[in-house]
Each structure stands twice: as C-alpha cells, then as structure tokens.
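> Turn this into a model:
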Amino acid sequence: MSKSRYSRKKSVKKKKNPFILLLIFLVGLAVAMYPLVSRYYYRIESNEVIKEFDETVSQMDKAELEERWRLAQAFNATLKPSEILDPFTEQEKKKGVSEYANMLKVHERIGYVEIPAIDQEIPMYVGTSEEILQKGAGLLEGASLPVGGENTHTVVTAHRGLPTAELFSQLDKMKKGDIFYLHVLDQVLAYQVDQIVTVEPNDFEPVLIQHGEDYATLLTCTPYMINSHRLLVRGKRIPYTAPIAERNRAVRERGQFWLWLLLGAMAVILLLLYRVYRNRRIVKGLEKQLEGRHVKD
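Prediction:
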C-alpha cells in the first residue's frame, strides 16, 4: 500500500471521529434525559386529567353530588375492616370488585391525591390493577371510600420507580406533620401525617378501620426497586384550609418553571454543539479546497 493511500484512509477515519463522538454524546444525553422528560410529560398529562375532572364536577348538579356523597358514606358503614388485600400481590382475588366505588366515579376517576411535600398531584382511580397503577393512584378495595367521617380508613396506593411517572417514588421523603389532600367530587379532605411504618406485604393491621377515627393512608412498595415490603404513610383528618393549598400550588408552578428552564438550557447546549460540529466541517472543507489549490499551483 502506498503512503498516499494510507494517509487518505487515515484522514477518512479522523473525519468520522467527531461525528461518532457527537452521536455517542447525544445517545447518552437522551438516555439520561428520558426519565426527566417522560415524567414531566406525565405531569402535563395528569394536570390535564385533573383539570378535566374539576371542570366536569363544577358542572354537575349539586343534588347529584350530595346524593353520591351520601351513598358513599352509607357504603362505608357496611365495611368489614378485616377484608383488605395487598394491591401488588393479590390481583387474581379482586376481579369484579371495583364496582363498589361507582357512586364516586367521574369519567373513570374519583378525584386526585395532592401531596405538597413531594410535589405531586396524581389522578386517583378505582381499583389497583396494573393498568390503573401505570397511569395513576388506585383506591384499595376493601378500605373506606374517600369521603371521610368517623370509623373510616381510606387507602390510596401507587407505584414507585416507574421510568415514565414519579407517582409515589419520593413517598419515603414524607415525615410526620406533612399534609396531603384527597380531592373527591367537589370536596377536599385534608390529612396530617401521624404515622409512617414499613410492613410485610400481608400485614394490614395498620390500615384497618379504628373506632372513632378518620384516617387515610398512602401505600407503596419499599425498598425502592426491591419492593419486598410496603411503606404506609398514614394521615389523620384535619380541617381543610384553602389558602394553604393555594400556596402549595404556587410552589409547584415555580418547580415547573425551573424544569422548563433546564429543558431549554439542554436545547441550547445541543444547538451549540451542532453549530460547533457544523463549523468544524466548514473549516475542514475550506482547508481541503485550499490544499487542492496549492497542489494545482
């Protein structure tokens, strides 16, 4: 092989290197950004679902809302506190039992759970099938319907570790004294965390109805990505104060602003990298033309 042919091959290899490096960088960036972007997309989607729910409820007849609420309270009075199943391991035993909350359904949803401490607003559905837990929070069958009152204990469950949605991924960050809200029909129920426990999958003693109490528990798997136990964050009913919720909403909006800012910064970085790459190719093209002219001269 002549020296000129060897140098040409070497030159071709060198030309490929910047493109390959840029491609590797872009692939790595895409992989790193996927959870962030997909979770933010889920947040936008869930916000639309929640907005639709609120608008639909606001147009419903007051008498119908009151009747639905009364039926749910009457149903709660018939519950047997010992009949609760683990939402992540007892799917086959729960076929056909999700009809029990029909009086609260609005377009398949019964409301949404708002958790300011971990910056989450999650649509709430009836049941705990995998289909439901992939798109939001589920209401555990056998527990009280989320309408409050003495001798009630509502259990809301959601996944951790989904790449497409954060849901209850940060539930372990909650602490005693934190407040969460259950938005159901035209009512908002506020609960203040008074107990956080980790239990075996079939140990549901902490979520059973207790005489005279009004509780709600947030349930998910733990440890993160291992899922051998269940994390239970219980709240005791407190009076709902609207201004607090409005301040929390403002905090969430600021968080969304910073996320948009981050995505914008990443877009600017990609644009700059592309321009650097394009300018390098232009410079190399000009150098090649100049070399060609020198050879002719």
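
> Name the surrounding residues that touch the longest strand along the chain.
Looking across the chain with DSSP state E, the single longest strand is strand 187-199. Surrounding strand 187-199, the residues in contact under the criterion Cβ atoms under 8 Å, 6 or more residues apart in numbering are 69, 146-148, 174-182, 205-206, 215-216, 222, 229-242, 245. C-beta here means a position set from N, CA and C on the backbone, and glycine is covered the same way.

> Now which of the residues you listed would you call buried?
69, 146-148, 174, 178-182, 206, 215-216, 222, 230-235, 237, 240, 245 (16 or more other Cβ atoms under 10 Å).

> mind listing which of those are in strands?
In this view, these that belong to strands under DSSP E are 179-182, 215-216, 222, 230-235, 237.

> picking up where we left off before, report the buried residues of the longest strand of the chain.
189-191, 193, 196, 199.

> can you put those residues in a markdown table and add pLDDT and distance to L273?
Formatted as a markdown table, the buried residues of strand 187-199 follow (pLDDT from 0 to 100; distance: Cβ to Cβ, whole Å):
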| residue | pLDDT | distance to L273 |
| --- | --- | --- |
| L189 | 97 | 50 |
| A190 | 97 | 48 |
| Y191 | 98 | 48 |
| V193 | 98 | 45 |
| I196 | 98 | 45 |
| V199 | 96 | 49 |
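
> For I20, state which of the residues you listed is nearest.
Here the nearest of the buried residues of strand 187-199 to I20, counting by Cβ to Cβ, is I196; it sits at 49.7 Å.

> Quick check: beta-bridge partners of that closest one?
Under DSSP bridges, the beta-bridge partners of I196 are V233.

> Sketch out the low-pLDDT regions of the stretch 1-150 of the chain for me.
Judged by pLDDT under 70, the stretch 1-150 of the chain has its weakly predicted residues at 1-19, 21-22, 29-30, 33, 35-36, 81-101.

> first vs last residue of stretch 115-135, how far apart are they?
For stretch 115-135, the first and last residues are 17 Å from each other (Cα to Cα, to the nearest Å).

> err, stretch 179-192, not the other one
Using Cα to Cα, one end of stretch 179-192 lies 4 Å from the other.

> So what's the gap between it and the chain middle?
Between the centre of stretch 179-192 and the centre of its chain there are 18 Å (Cα atoms, centre = their mean, to the nearest Å).

> next one: stretch 106-126
Centroid separation for stretch 106-126 versus its chain: 10 Å, with Cα atoms, centre = their mean.

> tell me which residues of that stretch are tucked away?
Using 16+ other Cβ under 10 Å as the test for burial, stretch 106-126 gives 106, 109-118, 120-126.

> returning to that earlier point: kindly indicate which of the ones in strands among the buried ones among the contacts of strand 187-199 lies nearest M60.
Within these, the smallest distance to M60 is 17.9 Å, found for L182 (Cβ to Cβ).

> which residue ranges form the helices in the stretch 51-200 of the chain?
Per DSSP state H, counting those that start in this stretch, the stretch 51-200 of the chain carries helices over the ranges 62-76, 130-133.

> Put together TSV for these, with distance to I20 on each row.
Conversion of the helices of the stretch 51-200 of the chain to TSV gives the following (distance: least, Cβ to Cβ, whole Å):
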stretch	distance to I20
helix 62-76	61
helix 130-133	40
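
> For G264, find the nearest of those helices.
For G264, the closest of the helices of the stretch 51-200 of the chain is helix 130-133, at 32.3 Å, according to Cβ to Cβ.
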